[in-house]
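*Asks:* Using only what follows, build the 3D model:
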Amino acid sequence: LQRAKEDLEKSNELRAQAELQMMDMVEAMPNPVYFKDEQGIYRNCNQAFADYLGIPKEKILGFTVFDVAPRELADVVHAIDLDLMAHGGRHQYEGRVVNFDGTYKEVVFYRSVLLYRDGRPRGVVGVILDITERKKIERAIRENESRLIRALEEVKNINAELEKTQDKLVQSEKLAAIGTLAAGVAHEINNPLGFIQGNLSVLTQYVQTFLDLVAAYEKARAAIDEADIPRLKEVQEEVKGIEDSANIVFLKEDVAGLLKETIYGVERINKIVTALQHFSYASHGEKKLVSVNDVLEGTLNMVSSEVSPKADLLKEYGDMSLVMANEEQLKQVFINLLVNAAHAIRDKGVIRLKTYVKPGYAVVEVADTGCGIPKEMLPKIFDPFFTTKEPGKGTGLGLSISYDIIRKHKGRIEVESESGKGTIFRVFLPLAKVV
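*Replies:* Numbers count the residues shown, from 1 in each chain. Presented below is the predicted three-dimensional model:
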């Protein structure tokens, strides 16, 4: 009897140690974990569960769900627990938990029945995964997708209106800008969306690690119930293996970082969509002080492949004052003039760029030794859709767009040309009044 008594005491001591170790591991988990007996009374929980409920442990342990949750929620939880106790197994579902203060959390509940050795239900163990932030992110993504669809539809409607307008030059500018923006929208959104999806994938793996730990804890509980010391040691090794493999300390820290980064990605997508909506209403014609010579140099970098094979480029830059202009629109004008000059040269010729100042104006000359323009066609060259190029090689909008851009800058374009001798375009831009 003495030996049996000593064995029982040792077994109880080992069980107590195992339970203490298991609770230490549960306490270290960032997810709320609790255990209720067959009467529905909370017998144990970790601090994360207390934090989740927003009440201290001493007001949880020894109480039921009706004491710690709103009545409507308590009725649902109690009914699920009764069903689990009656039928066994596990249960998982998503739900929205309304706190006493009116706030709510969106969570995933994982419940499982613990059994005595004789098969009778001993109680319910539960793990709660707070997915409030994930749900917010998903809703934000859906809302932003909807806003993007609406914004793109608005852009489409604007395009339709532009096609009907008689101002072909303004139409072309808008269409070009919208086309450029539309081409980049997918790329700009795919970047943050990519790491949002990646983060959610990683978070899913982290949840699986937590589930693996819970499963191991259940095995430990069963081993304790059965006083199966060898099995308990195996489970302890399994838990240690999971924790070491998953790097639990890093995992707990990484979860917060992943959520923060994901929220940042959603905000970034929101900014892109908002910018697209603003574009659908606003005109992008911002002007600033620019150097005409600098704009020309930037333009040459883009058109060198068109100009170099056809012509030697001569530059005669004068000392230029600044002009108030939209740099990208000026580049569009100079691109049109330089490309047209190159196309006008059949074999090999010369293109001359010259800048100088006349009273009140900065002047840019683009001269070529190409085929020239017949005199009878000169009055038409700035008309929309007029072109001297072969069918399929020009839209006839280049000079029309250029003329309108310079007009909006309160300048003008002049042209001199003679068949077989070449063409000179002069662009006049008002000098900026620098105070």
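
*Asks:* can we go C-alpha only for contacts and neighbour counts from here?
*Replies:* Will do.

*Asks:* neighbouring strands for the longest strand anywhere in the chain, and are they parallel or not?
*Replies:* Longest strand of the chain, by residue count under DSSP state E: strand 104-115. Note on strand 104-115: by DSSP bridges, its sheet partners are strand 90-98 (antiparallel), strand 121-130 (antiparallel).

*Asks:* For the chain, just list every one of the strands.
*Replies:* 33-37, 42-45, 90-98, 104-115, 121-130, 288-290, 311-317, 323-325, 349-358, 361-368, 412-418, 422-430.

*Asks:* Dump those strands into JSON lines; add mean pLDDT and mean neighbour count as well.
*Replies:* Compiled in JSON lines, these are given as follows (pLDDT from 0 to 100; neighbours: other C-alpha atoms under 10 Å):
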{"stretch": "strand 33-37", "mean pLDDT": "91", "mean neighbour count": "23"}
{"stretch": "strand 42-45", "mean pLDDT": "90", "mean neighbour count": "19"}
{"stretch": "strand 90-98", "mean pLDDT": "79", "mean neighbour count": "14"}
{"stretch": "strand 104-115", "mean pLDDT": "87", "mean neighbour count": "19"}
{"stretch": "strand 121-130", "mean pLDDT": "89", "mean neighbour count": "20"}
{"stretch": "strand 288-290", "mean pLDDT": "89", "mean neighbour count": "15"}
{"stretch": "strand 311-317", "mean pLDDT": "92", "mean neighbour count": "14"}
{"stretch": "strand 323-325", "mean pLDDT": "91", "mean neighbour count": "22"}
{"stretch": "strand 349-358", "mean pLDDT": "94", "mean neighbour count": "18"}
{"stretch": "strand 361-368", "mean pLDDT": "94", "mean neighbour count": "23"}
{"stretch": "strand 412-418", "mean pLDDT": "92", "mean neighbour count": "16"}
{"stretch": "strand 422-430", "mean pLDDT": "95", "mean neighbour count": "21"}
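
*Asks:* what's the closest of the ones you listed to Tyr403?
*Replies:* Of all the strands of the chain, it is strand 412-418 that lies closest to Tyr403, at 6.6 Å by C-alpha to C-alpha.

*Asks:* Give me the distance from the closest one to the chain's centre.
*Replies:* Its chain's average C-alpha position is 49 Å from that of strand 412-418, according to C-alpha atoms, centre = their mean, to the nearest Å.

*Asks:* Now that strand - C-alpha only, PDB.
*Replies:* What follows is strand 412-418, C-alpha atoms only, in PDB (Å, rounded to 0.1, in the frame of the first residue of the first chain):
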ATOM      1  CA  ARG A 412       2.500  81.100 -81.000                       C
ATOM      2  CA  ILE A 413       4.100  78.900 -83.800                       C
ATOM      3  CA  GLU A 414       5.300  80.300 -87.100                       C
ATOM      4  CA  VAL A 415       6.400  78.200 -90.100                       C
ATOM      5  CA  GLU A 416       8.400  78.900 -93.200                       C
ATOM      6  CA  SER A 417       8.800  76.300 -95.900                       C
ATOM      7  CA  GLU A 418       9.500  75.800 -99.600                       C
END
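
*Asks:* what helices or strands is that strand leaning on?
*Replies:* Judged by 3 or more C-alpha pairs under 8 Å, 6 or more residues apart in numbering; DSSP states H and E, strand 412-418 is in contact with helix 398-408, strand 422-430.

*Asks:* go with 6 Å
*Replies:* On a contact count with 3 or more C-alpha pairs under 6 Å, 6 or more residues apart in numbering; DSSP states H and E, strand 412-418 meets strand 422-430.

*Asks:* what sits up against the strand it packs on?
*Replies:* Residues outside strand 422-430 that contact it (C-alpha atoms under 6 Å, 6 or more residues apart in numbering) are 360-372, 411-417.

*Asks:* hmm, back to that, would you reformat the strands of the chain as a markdown table and include distance to Ser245?
*Replies:* Shown next, in a markdown table, are the strands of the chain (distance: least, C-alpha to C-alpha, whole Å):
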| stretch | distance to Ser245 |
| --- | --- |
| strand 33-37 | 22 |
| strand 42-45 | 25 |
| strand 90-98 | 26 |
| strand 104-115 | 23 |
| strand 121-130 | 21 |
| strand 288-290 | 58 |
| strand 311-317 | 66 |
| strand 323-325 | 61 |
| strand 349-358 | 68 |
| strand 361-368 | 69 |
| strand 412-418 | 72 |
| strand 422-430 | 69 |
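
*Asks:* And the longest strand of the chain, how far out from the chain middle?
*Replies:* Here strand 104-115 is found 31 Å from its chain centre; the criterion is C-alpha atoms, centre = their mean.

*Asks:* What is the burial count for the closest residue in space to Asn336 that isn't next to it in sequence?
*Replies:* Distances taken as C-alpha to C-alpha, 6 or more residues apart in numbering place Gly398 nearest to Asn336, at 5.8 Å, with adjacent residues excluded. Neighbour count of Gly398, defined by other C-alpha atoms under 10 Å: 25.

*Asks:* and Gly398, how far is that from Asp383?
*Replies:* 10 Å (C-alpha to C-alpha, to the nearest Å).

*Asks:* Check Asn191 too.
*Replies:* To Asp383, Asn191 is 42 Å away according to C-alpha to C-alpha.

*Asks:* Same drill for those two, tell me which one is more crowded.
*Replies:* Neighbours per residue (other C-alpha under 10 Å) separate Asn191 from Asp383, with Asp383 holding more: 17 against 13.

*Asks:* Now for that one: which residues touch it?
*Replies:* The neighbourhood of Asp383, defined by C-alpha under 6 Å, 6+ apart, consists of Ser400.
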